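Asker: have a look; sequence and predicted model below, questions after that.
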Amino acid sequence: MECPATLVAKWAPGAASFEAIDERITRIQMGAWSWPTLIGFLVIFNCRFTVEGPPELAEAAREVVGRLDVEIPRTDRHSGPSAGIPV
């Protein structure tokens, strides 16, 4: 992950393990009840990341990216940040 280990240490789930590769890159290993959930945990860090494996996790990442590739309407300044955007 392009995320400093200090940030990973603050937000990683308790069973996760991680190592600082340098001051901005961290390798993290963790589990979850499903592959998409694991991708969700990684997204929480708001950092770029690369899936090294297993192949099922890489496939889940592709599927999640596909779900996020949607048109999101913009709101004008006066309607508020979430006005008219159903989730």
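Answerer: Done, it's in. Please read all numbers here as calculations on a predicted model, not as lab measurements. Numbers count the residues shown, from 1 in each chain.

Asker: would you map the helices across this structure?
Answerer: Counting by DSSP state H, the chain has these helices, from start to end: 5-11, 35-44, 55-68.

Asker: highest mean neighbour count out of those helices?
Answerer: Counting by mean count of other Cβ atoms under 10 Å, helix 35-44 has the highest mean neighbour count of the helices of the chain, with a mean of 16. (C-beta placed from N, C-alpha, C; glycine too.)

Asker: run the angle between that helix and helix 55-68 for me.
Answerer: With axes from the mean of the first three to the mean of the last three Cα atoms, to 10 degrees defining the directions, helix 35-44 sits at 70 degrees from helix 55-68.

Asker: low-scoring pLDDT stretches of the protein, where are they?
Answerer: 76-87 (pLDDT under 70).

Asker: what's the residue closest to the geometric middle of it?
Answerer: In the chain, the residue lying closest to the centroid (Cα atoms, centre = their mean) is V43, at 1.0 Å.

Asker: what sits against it?
Answerer: V64 (Cβ atoms under 8 Å, 6 or more residues apart in numbering).

Asker: how about 10 Å then?
Answerer: 49, 61, 64, 68 (Cβ atoms under 10 Å, 6 or more residues apart in numbering).

Asker: these two touch, right, the third one and F41?
Answerer: No: with the criterion set as Cβ atoms under 10 Å, V64 and F41 do not qualify as a contacting pair; they are 11.4 Å apart.
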